[in-house]
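1. how would this look folded up:
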Amino acid sequence: MTMLDCAITDLAARLSSRGISSVEMTDACLTQIARNNGRLNAFITILADQARADARRADEEIASGHYRGPLHGVPLSLKDLIDLAGVPTTAASRVLEHHVADADAPITARLRTAGAVFLGKCNLHEFAFGTTSEDSAFGPVRNPWDPTRSAGGSSGGSAAAVVTGMGYASIGTDTGGSIRIPAAVCGCVGLKPTSGELPCEGIIPLSRTLDHVGPLARTVADAWLLFHVMTGIPNPPLLPVRRPAPSLRIGLLRPYFMDVLSDDVREQFELELERLAMAGVTVVERAVPHASDIAAVYLHLQLPEASAYHAPVLQTRPEDYTPPVRLRLEMGRYVLAEDYSRAQVGAEVLRREVDAALDGLDGLVLPTVPITAQPIGSTGLTIGDRSYPVRALMLRLTQLFDITGHPAISVPCGRSRDNLPVGLQLVGRHGRTEDLLTLAATCEDVIGQRG
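-> Got it, this is the predicted structure:
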């Protein structure tokens, strides 16, 4: 196993004992970026000189006994919505091509305090307003397993970077599934914490009601570390001992959530459910009675909030947006106030229903995305005897938990017949992201790292 194959938790002790250096890790990641970024288009901005200087500083601090914790000297990246002082924040749009951040976002500052090394800013779907990372002023992000296919979105560049060793982790945002979707279709771990647990200041918003920020990583244990650092704990404890699988009770969301799945995803997901059951996990069926309302509630919250934020520029420079993103922003102008208000009520109903589904359980389980990565440019897909828009399919199983604010995580659970990753999604109680992560770690051990 090479250094680039390791998780942060595998390398932290070697870094602290100087068995490996931050400079070595950073150089290895930059070599991977040079090798892969032209093919995958994962990065918009690469900070090679700055990263090497920060890595040398980290090594000097560790050598002098000033070890900050398990992220000290670890190279990672940021989705290019998140401010890094002195570096452009483009949101993958010509609208912000001359914008340079004058300060770190709070999330960035906390990672910097923990000693992280920033390799650069990752490509995304323009302004995070899409699920494929295709509509970008810098060109589409491509899937590491098949560059003719989408990397998912909107944090597609972050997922592609993590999977290919172009950094040990990345920080993304999630408004309808934008961390979990690319994590699933690229084959890494993606965590959306509970709403409000991590600050979104210094991050260009899509929908202030629905926006979340969180990590994409190689393992659940790494996501645990990153989450805690992002809450403001620079030297967090390692993930505690996993709970025994036979002590766990999880709820399978079947109606609506299992109704529309590709054959590959259904086959792989049901195989993993069998593995969990064989390990002793109790799986019971649960439902969300108003699941059919999810898409309407989501759109009537997200569209007008996104449109309101962009209104001044949309009025004066509409041509600077990619056409699909501009169209969705313009749609938000026509959402009535009464529809927006009704959606807020609907969100509360759904929140209570997810709480009820979680009653007496350690978490909920469902696929992350009902399909595998689709060819770039694909707009529709037939499942069974019906055709569906790709965008709607990608969002179908993730957007509920942005509406309700429950923590949710995607972990890899094998591959399709075409060797494309499939993701398993776990959902936890409000404010219990730590419990969700310990549940996910147990499930990860049972199903194995087969992303």
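2. Under the pLDDT cut-off, which ranges of the chain? List them.
-> 1, 449-451 (pLDDT under 70).
3. Domain boundaries for it, per the record?
-> 3-230, 245-293+335-447 (automatic domain parsing).
4. looking at those domains, which is closest to residue 307?
-> Among these, the nearest to residue 307 by C-beta to C-beta is domain 245-293+335-447 (7.7 Å). For every residue, glycine as well, the C-beta is placed using N, CA and C.
5. returning to that earlier point: I'd like to know which of the domains of the chain is closest to residue 329.
-> Here domain 3-230 is closest among those (C-beta to C-beta), at 7.2 Å.
6. Quick one: end-to-end length of the closest one, please.
-> 24 Å (C-alpha to C-alpha, to the nearest Å).
7. from the domains of the chain, which stretch is densest packed?
-> Scoring the domains of the chain by mean neighbour count under mean count of other C-beta atoms under 10 Å gives domain 3-230 as the most buried, with a mean of 24.
8. how far does it sit from the chain's center?
-> Relative to its chain's centre, domain 3-230 lies at 10 Å (C-alpha atoms, centre = their mean, to the nearest Å).
9. and if you look at stretch 440-451?
-> Worked out by C-alpha atoms, centre = their mean, stretch 440-451 lies 17 Å from the chain centre.
10. how about the protein, which residue sits the furthest from its center?
-> Relative to the centre of the chain, the most outlying C-alpha is that of residue 64, 35.4 Å out, by C-alpha atoms, centre = their mean.
11. Next, give phi and psi for it.
-> phi -90, psi 10 (degrees, to the nearest 10).
12. where's it relative to residue 258, distance?
-> 55 Å (C-beta to C-beta, to the nearest Å).
13. next one: residue 153
-> From residue 153 to residue 258 the distance is 24 Å (C-beta to C-beta).
14. Please apply the same query to residue 244.
-> 27 Å.
15. before we move on, what about residue 344?
-> 28 Å.
16. try residue 436
-> 21 Å.
17. same deal with residue 94?
-> Distance from residue 94 to residue 258, by C-beta to C-beta: 41 Å.
18. now residue 314
-> 38 Å.
19. So for the helix or strand hosting residue 315, what gets flagged as buried?
-> Using DSSP states H and E, residue 315 sits within helix 294-316. The neighbour-count check on helix 294-316 (16 or more other C-beta atoms under 10 Å) flags 294, 297-310, 314 as buried.
20. where along the stretch 151-300 of the chain do the strands fall?
-> Secondary structure of the stretch 151-300 of the chain (DSSP state E, counting those that start in this stretch): strands at 169-174, 189-192, 212-217, 249-253, 282-286.
21. check contacts around residue 47.
-> 87, 118, 119, 120, 121 (C-beta atoms under 8 Å, 6 or more residues apart in numbering).
22. Tell me which entries of those lie within strands.
-> Cross-referencing those against strands under DSSP state E gives 118, 119, 120, 121.
23. Kindly reformat those residues as a markdown table containing distance to residue 383.
-> As requested, the ones in strands among the contacts of residue 47 are exported to a markdown table (distance: C-beta to C-beta, whole Å):
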| residue | distance to residue 383 |
| --- | --- |
| 118 | 40 |
| 119 | 38 |
| 120 | 37 |
| 121 | 35 |
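24. from these, which single one is nearest residue 222?
-> Taking C-beta to C-beta as the measure, residue 222 lies nearest residue 119 of the ones in strands among the contacts of residue 47, at 15.8 Å.
25. Looks like that closest one contacts residue 169 (just checking).
-> No - with contact defined as C-beta atoms under 8 Å, residue 119 does not count as touching residue 169 (10.4 Å).
26. Which neighbours do the two have in common?
-> 76, 77.
27. one step back: need the strands of the stretch 151-300 of the chain in a markdown table (columns: distance to residue 27).
-> Below are the strands of the stretch 151-300 of the chain laid out as a markdown table (distance: least, C-beta to C-beta, whole Å):
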| stretch | distance to residue 27 |
| --- | --- |
| strand 169-174 | 17 |
| strand 189-192 | 25 |
| strand 212-217 | 21 |
| strand 249-253 | 42 |
| strand 282-286 | 45 |
